[in-house]
Every structure is written in structure tokens, then in C-alpha cells.
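J.: coordinates only, no sequence provided:
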Ligand code: ATP
């Protein structure tokens, strides 16, 4: 028995050595292919070719290599006015196809899935344009490796029939000059086609043996794991599906910001580095800060409230949030982006609830309208049903007690005995989402009046609520859900310092502890109006709106307990 760990260690180091050997072999093969490819390209150039100034490997490129009349274009803005004109396009070679020694095709991609077909054809002898395109030039272009960055000069023409495989289908480019600015290696770690297939395995640990390929395909192109994607970050990001997700994320932020600004909210930036783990010590990252300890912010909560105390009536922030939770789930990351707001309450905390509901519905309706193409592209990779949103005036808002009752009465058998004074588990939330969808025809709904046991110390207890047998009371606090999953927590905050100190003690926290003491003191410095707000996980709303299999796909660089790179 005592030898077992040693045996394990020996097996592990053998495996590691094998892995390293296989990796070295793979690298050597790559280098050999790269050398072969380069010599092919230079061989094409060495031939005495009258068209030799029209193509080649050029780093850096000078404008003098192009015709004076050629106009720089973007595929997005290519239109009828360009037909017959000479243009310059800087793009990536997606693939090339040789038709004959005299003719070849290439697909050029500019950004996202903006692609166009390019044709390169040897100019017939005797025409005034003789030697514009030579055979070596055709050969050179077909030898360019996929994902190389090129600048082409070409005539814009109409193809005989629309090019279905390209986003720009009604024009094609007839190449007259082609320069490789940045060549890609002969073997990509991840091809574009594979990068654009759904990721099915989000395990952060390398479970593959070296040389073993990723999951085998249904449709010919291998699907890759998240690990392979992140090891090949450039190709991961080049995948049109990833760019579409990123574009939707940008719009979500924009819609959040513009809706709130139009309603008098002021943007501010909360700090990420903080001096005390004030909201509960467990899930906070600690770090050395000169000769003291510092922490990464778990939420901008206190700072939003300081802004209100500081004389702002409505504020919002878009900022990173850090959670040191060892949660290896498709819903969690250790760093995510919080969309947060806080506002004065004039009469009732429902003003906050309605503002948050308003901004989220504005975001969801807005992206449906602004990002129809991106949503369709994402769906072509990650199929999903359209998100069901409530009709105006038919928003679903249940109290926690009503939601639990619905679950008891209409949910699965195992939830017959759920209680009104205990927080909901994730399986309960999922089951409730299905009941709400079937009953109210919506994937977006609010659950209000959570029990105080399920809320942080700053949540305002509903003054009208009756305590349960165990003394549990309802709060003026709520969660919002999208496709069965929590996307927002919010509610009214305590603005009276004595009440706050009392709640903090009741939660078993010392009101004199670092961070907490200063927090309470802020409410003693000045009169702070009643206020409330909420925090939305940007990554989650993007992921769940698109029904992605993991929130990690919605982040630019997902951070999880096992992943800090790239
Ligand atoms: P959960 O119970 O799902 O772990 P939470 O109750 O800790 O979430 P809050 O502290 O209320 O979440 O944070 C507000 C919002 O931030 C959540 O509704 C969610 O959208 C997002 N969020 C929270 N934790 C994470 C995380 N680890 N990764 C990504 N988003 C998160």
C-alpha cells in the first residue's frame, strides 16, 4: 500500500516524458513543413517572371506597389459603385483552390464571416494587359497558407452566379496583385472550420493523450475542446461564431449604458483593489499589496452605495468582479463583468425592480433587432430556440412564496415539499423555469421577496413581512432569471446606519471589522436617501440569451479555478 504513491509518480513521469517526446516530434514535423512551404513560395519567385513585381512576400508593404487609382475597401462597404473598379483589400486567405495551371480561386476573409471569392487568372497572350497575371503568380497564390494575411489589388466584378459560400455573394475580386504581408504556418493548431464548430468539452484539464485528436465530427470537421481552442487563442478568436458572440456582447454593454444614461444615470468606475474582504471572507482573492494584504473586489456594492451617499441619485458601472469560488460549472467564472446600477428610491423599491426589468428587456429586444445576423450565425453553430420575452404589460413577477408554491404544485415530484424560508437550489431554479415557461410563455421573469436568510446583510427586510416560525422574514430583494438561470440579484438596501449595524450583527458579522466599520460609518457621515439597485452578470446574459453551453464562451478570456491563460 505504502508504495502506491511512488508507483503513481513513476507512471506519471513516464507519461509526461512520452507526452514531451510526441510534442517534440510534432514540432519537428511542423518546422520541416514550414521550410518546404517557404522554399515552394520562393521557388515561384525566383523564376524570371515579367509579373514578378505584382506578387510576393512583402514585409512591410509600401503603397507604391499598388496602382495609383486603386481604392482601399472593406467588404462591409463593397457596393455597386465599386463594380469594374480596381480596389485594394487587406484580408486573410481562408483557403485556395487550383482550377488549372492558369486559374485558381481563393476565399478572402476580412473580419467575422465577411468573406469574398477571389479569382486569379493568367492574362491571355496578346491582350493589352498581357503579363498582368502570370502562371508563377497563380502558383504563388495557391501556395499561400490559410490564415496568412495578404493585401490584394483586384478588379471588382459580378460572378456568373451568386457565390453561396461567401458572405459577399454578388461580387468577386479578380486579382491583379497579391502580396503576403504575414504568412501563417503550414499547419495550424486549429483550423478555422474546427474553430467554428461547437465546443462540447469544457473540461479545463488536459485529458487527451499527445497526438490524440479532439472529438470526431458528425460532419467531417473535428470539433475541438475548449482547451484546444484556448491553446490556439488566435484561431479561437478568428472563428466567426466567437466574433459574433463578442459583437453581441459589445451591443449589450452599449444598450445598458445608453438606456441608463437616457434616464439620468451617471457612470462611475469602482476600484478592483480593495483593502478589506468586507462582503464575506470566503470567496475573495487575496494578494500582497506592498507590506499589507489587499483583496480583489467581489462586487462594486459598497462603492455604488458610496456614490449615492456622495450625492448622486442614479449611478451605474461596468466593471470586473472577482470570485474566489472553486465552482467548476458552466455558470461560473472567477472573473466576470458586472453591469451594476444603484438609484434613489422615491416611494417604493419597485421603482428599482422596474428600472432593472426595463433595462434588461431593452437589451434583449435591442440585440434581437441590432444583432439579427450575429444571432443567426451563433445559432447555426449552437442551435437554440428563440428566447421568449413577455409582452409589454405581461411581465412575470412572482414572490418567492408564490414561486415555491408553483414549484410544489406544478413542479417535479421531488419539489413537493420546498419551503418558503429556504433559498432555492439550482435544480429548483431550473424546474421553476420550465413551469414558468409552460404557464406564462416567457423565459424571462422575476422572483421577488427572498427570505432574509438567502440575502446579504445590506438587504432591506420588508417592513410588512411576518416572521416565519423560525423567525425568517421576507426582504425587498429579488433575482431575475433568463432561460431558468439567475442573471441578476438586486433589491432595496438598508440606508439607516443603526438598522444596518443591527442586521450585520444578526448575520454574525462584527460591525467593527475592517471594511464593515467604514461602510456603516459612511451612513453616519451624511443623510443617505433610501436606495436600491442590482448587479447583472454580463457574461451570463450573453450566454443564456444565446443558449450557449457555457458562460465561458461569452467571455473574451475566461478565468476559471483551473485556467489563468491566455
Ligand atoms: P450564483 O448563485 O449563481 O453563484 P450569486 O448569487 O453569487 O450567483 P451575485 O453575487 O448575486 O451572484 O451576482 C450578481 C450576478 O452576477 C449574478 O446574477 C450573475 O449574473 C453574475 N455572477 C455571479 N457569480 C458569477 C460567476 N461566478 N460567474 C459569472 N457570473 C456570475
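T.: Received the coordinates, thanks. This one's a predicted model, so the numbers in the text were calculated from it and none came from an experiment. Numbering: from 1, shown residues only.

J.: please count neighbours and contacts with C-alpha atoms only from this point.
T.: Noted.

J.: which positions in the protein make contact with the ligand?
T.: The chain has residues 331-334, 336, 486-489, 535-537, 540 near the ligand, with proximity defined as CA under 6 Å from any ligand atom.

J.: just those residues: which are in helices?
T.: residue 540 (DSSP state H).

J.: including pLDDT and neighbour count, could the residues of the chain next to the ligand go into CSV?
T.: CSV is the format used below for the residues of the chain next to the ligand (pLDDT from 0 to 100; neighbours: other CA atoms under 10 Å):
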residue, pLDDT, neighbour count
331, 92, 17
332, 93, 21
333, 95, 25
334, 96, 23
336, 97, 26
486, 93, 23
487, 96, 22
488, 97, 23
489, 96, 20
535, 97, 24
536, 97, 22
537, 96, 21
540, 97, 29
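
J.: dump the residues of the chain next to the ligand into JSON lines; add distance to residue 114 as well.
T.: Shown next, in JSON lines, are these (distance: CA to CA, whole Å):
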{"residue": "331", "distance to residue 114": "31"}
{"residue": "332", "distance to residue 114": "32"}
{"residue": "333", "distance to residue 114": "31"}
{"residue": "334", "distance to residue 114": "33"}
{"residue": "336", "distance to residue 114": "29"}
{"residue": "486", "distance to residue 114": "35"}
{"residue": "487", "distance to residue 114": "32"}
{"residue": "488", "distance to residue 114": "35"}
{"residue": "489", "distance to residue 114": "38"}
{"residue": "535", "distance to residue 114": "35"}
{"residue": "536", "distance to residue 114": "32"}
{"residue": "537", "distance to residue 114": "30"}
{"residue": "540", "distance to residue 114": "27"}
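
J.: let me see the ranges of the helices in the stretch 151-300 of the chain.
T.: Counting by DSSP state H, counting those that start in this stretch, the stretch 151-300 of the chain has helices at residues 192-195, 226-231, 233-238, 240-261.

J.: my bad, the stretch 351-500 of the chain
T.: Counting by DSSP H, counting those that start in this stretch, the helices of the stretch 351-500 of the chain are 372-381, 400-410, 426-440, 497-506.

J.: so which of the ones you listed comes closest to residue 315?
T.: Nearest to residue 315, of all those, is helix 497-506, at 21.1 Å by CA to CA.

J.: how far does that closest one sit from its chain's centre?
T.: 39 Å (CA atoms, centre = their mean, to the nearest Å).

J.: that helix packs against which elements?
T.: Helices and strands in packing contact with helix 497-506 are listed as helix 516-525; criterion 3 or more CA pairs under 8 Å, 6 or more residues apart in numbering; DSSP states H and E.

J.: got a list of contacts for the helix it packs on?
T.: Helix 516-525 is contacted from outside by 278, 302, 306, 309, 495, 496, 497, 500, 501, 510, 511, using CA atoms under 8 Å, 6 or more residues apart in numbering.

J.: what subset of the residues you listed is buried?
T.: Among the contacts of helix 516-525, those classed as buried by neighbour count (16 or more other CA atoms under 10 Å) are 278, 302, 306, 309, 495, 497, 500, 501, 511.

J.: residue 90 contacts residue 151, correct?
T.: Yes. The criterion here is CA atoms under 8 Å, and residue 90 meets it with residue 151 at 4.3 Å.

J.: thinking residue 89 is in contact with residue 76, fair?
T.: No. Look at residue 89 against residue 76 with CA under 8 Å: they stay out of range, at 11.4 Å.

J.: count of neighbours near residue 492?
T.: 29 (other CA atoms under 10 Å).

J.: quick check on the closest residue to it other than its chain neighbours: phi, psi?
T.: In this structure, residue 492 finds its nearest non-sequential neighbour in residue 532, 4.0 Å apart by CA to CA, 6 or more residues apart in numbering. Here is the backbone geometry of residue 532 (degrees, to the nearest 10): phi -160, psi 170.

J.: wait, residue 193 touches residue 221, no?
T.: Yes. Proximity of residue 193 to residue 221 meets the contact threshold set by CA under 8 Å, at 6.6 Å.

J.: what is the burial count for residue 156?
T.: 23.

J.: ok, now which ones touch it?
T.: Counted by CA under 8 Å, 6+ apart, residue 156 has contacts 82, 83, 84, 85, 86, 87, 171, 172, 173, 174.

J.: top of these by neighbour count?
T.: residue 173 (28 neighbours).

J.: go ahead and confirm that residue touches residue 155.
T.: Yes. Here residue 173 reaches residue 155: they are 5.6 Å apart, a contact under CA under 8 Å.

J.: secondary structure element for the closest residue to residue 98 other than its chain neighbours, which one?
T.: Once flanking residues are discounted, residue 98 sits nearest to residue 104: 4.3 Å by CA to CA, 6+ apart. Using DSSP states H and E, residue 104 maps to strand 103-109.

J.: ok, that strand: who's next to it in the sheet?
T.: strand 86-100 (antiparallel), strand 115-121 (antiparallel) (DSSP bridges).

J.: in a markdown table: the ones you listed, plus mean pLDDT.
T.: Output for those, formatted as a markdown table (pLDDT from 0 to 100):
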| stretch | mean pLDDT |
| --- | --- |
| strand 86-100 | 96 |
| strand 115-121 | 97 |
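
J.: one step back: what is in contact with residue 173 and residue 155 at once?
T.: With CA under 8 Å, 6+ apart, residue 173 and residue 155 have no common neighbours.

J.: before we move on, back to that, so of the helices of the stretch 351-500 of the chain, which one's packed in deepest?
T.: helix 400-410 (a mean of 20; mean count of other CA atoms under 10 Å).
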